[in-house]
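In: could you work out the structure for the sequence below:
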Amino acid sequence: MTAVFNFLMIAGSIQGFIFNAATLLSRKKIESPVLFLNLFVFFLSLNNLQSWLIDKDFIPYAYYTIPFYVLLAPMFHAFLVNYLGIEEKQKPFFKLTAFVFILELVARGIVIYKIKNGALDSQYIELYNAIEDAVTLCFSVFIFYHVLKVLFRYQKLYASILTYDDLKWIKRLIQLGGVVLILWGIAVLLNFVSETIKAPYSYYPLRLGTSIFIYWIGYQGFFRFVILQDRKSLRKKIREASKTPESLSTHKKTDFKKEGRESLAFNKMNNYVVNNQKYLDPYLSLEKLSEELEISTSKLSMLINQLSGKNFSDYINSLRVTDAKKLLSNPDFEAYTIVSIGLECGFNSKSTFYSAFKKFTGQTPTAYRKSASK
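Out: Residues are numbered from 1 along each chain as shown. Next up, the predicted model:
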């Protein structure tokens, strides 16, 4: 079992260092969110590497360890406030973090010095390790509390970001981070009260959790940041293009030749959806649209089914796919990721975009872009 934990720990560390190299080398400019995300992954990888070296007896656990874990929660907090663009209003805890980090280094140095000179018994280093870990846990919980405050109490500060990202992925990260803190708390408690389960064995579940955490936050954080930047730039370019005589919009006013109140009602509804670009709202529902049009959901559903030949979901997705096709075939937008184009066209995820696009075109968005560029 120890060998399995050690393997997962070193594998997570190596993966973290590879992530650092890949993301930093792939960016012409290192933006603040990318920097702090990489610092988080780097310090977490260093911490796991140090733990692996201790288990392999390359480093004596009792004495020479560096408290990299002090830096983890502050780096995530710094990433979050920079990702949300509120770093001027919610300052990262750099000074406090530096103080705690240096204090722990100095305190450890003093304890080791006194033990080496016989002023303290060697058993006090284990007590110091347990106290240092408890202090670091309390500090991390303090930062974690401020992360929660940013997400759930200061939403007005980053309202504009919510038009691009619903932040559900960050909330899932927070949940995983909460589990890691609980595991850490259990390990700290065992260090004080248990006679048999002590460090480093009490930290095995925690290290497994952090190895998973490296992959999750690294991939999700970087991927989401790239998408966010793409969507901001893409939306600006779409707005600029819409002001030109040759607009990007390919939706024309619908005028069914079939006479009757149903066709007139459908035309009115369709033109409302197209002219106001309601289909770009990823949360648009039959209920929401019927409320805006002041007609019943059953009547609206009947109109769409009978006169478009599609159900509500397919009707809205067909409009989104039409816009996506226009952007994917336009060489001015070839620098933007396919996922960001799909999200800007109203889809709420990559999977729903790809599924709908293939349903209406018979091709994946990737294949369509390639064929359109020939």
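In: dump the C-alpha coordinates for stretch 364-374 into CSV.
Out: Taking only C-alpha atoms (Å, rounded to 0.1, in the frame of the first residue of the first chain), the coordinates of stretch 364-374 have been written out as CSV:
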residue,chain,number,x,y,z
THR,A,364,-18.1,17.6,-36.2
PRO,A,365,-17.1,21.3,-35.8
THR,A,366,-13.5,20.3,-36.3
ALA,A,367,-14.2,18.6,-39.6
TYR,A,368,-16.4,21.4,-40.7
ARG,A,369,-13.7,24.0,-40.0
LYS,A,370,-11.1,22.0,-41.9
SER,A,371,-13.4,21.5,-44.9
ALA,A,372,-14.4,25.1,-45.0
SER,A,373,-10.8,26.3,-45.0
LYS,A,374,-10.0,24.3,-48.2
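In: could you number the chain from 24 rather than 1 from now on?
Out: Noted, 24 is the first residue going forward, which turns the last one into stretch 387-397.
In: skip the chain neighbours and tell me the closest residue to residue 208.
Out: residue 160 (6.3 Å; C-beta to C-beta, 6 or more residues apart in numbering). Backbone N, C-alpha and C define where each C-beta goes, glycine included.
In: check the gap between the one you found and residue 65 for me.
Out: 21 Å (C-beta to C-beta, to the nearest Å).
In: residues contacting the residue nearest to residue 208?
Out: Residue 160 makes contacts with 204, 207, 208, 211, as judged by C-beta atoms under 8 Å, 6 or more residues apart in numbering.
In: which of those residues fall within helices?
Out: When helices are assigned by DSSP state H, the members of these inside them are 204, 207, 208, 211.
In: and the contacts of stretch 241-254?
Out: The list of residues contacting stretch 241-254 from outside it, by C-beta under 8 Å, 6+ apart, reads 38-39, 42, 46, 54, 56-57, 60, 64, 102, 106, 184, 187-188, 192, 196, 359-360, 362-363, 366-367.
In: let's go with 6 Å and repeat that
Out: 42, 46, 56, 60, 64, 187-188, 192, 359-360, 362-363, 367 (C-beta atoms under 6 Å, 6 or more residues apart in numbering).
In: which of the residues in stretch 307-314 are buried?
Out: For stretch 307-314, the neighbour count (16 or more other C-beta atoms under 10 Å) marks 307, 309, 312, 313 as buried.
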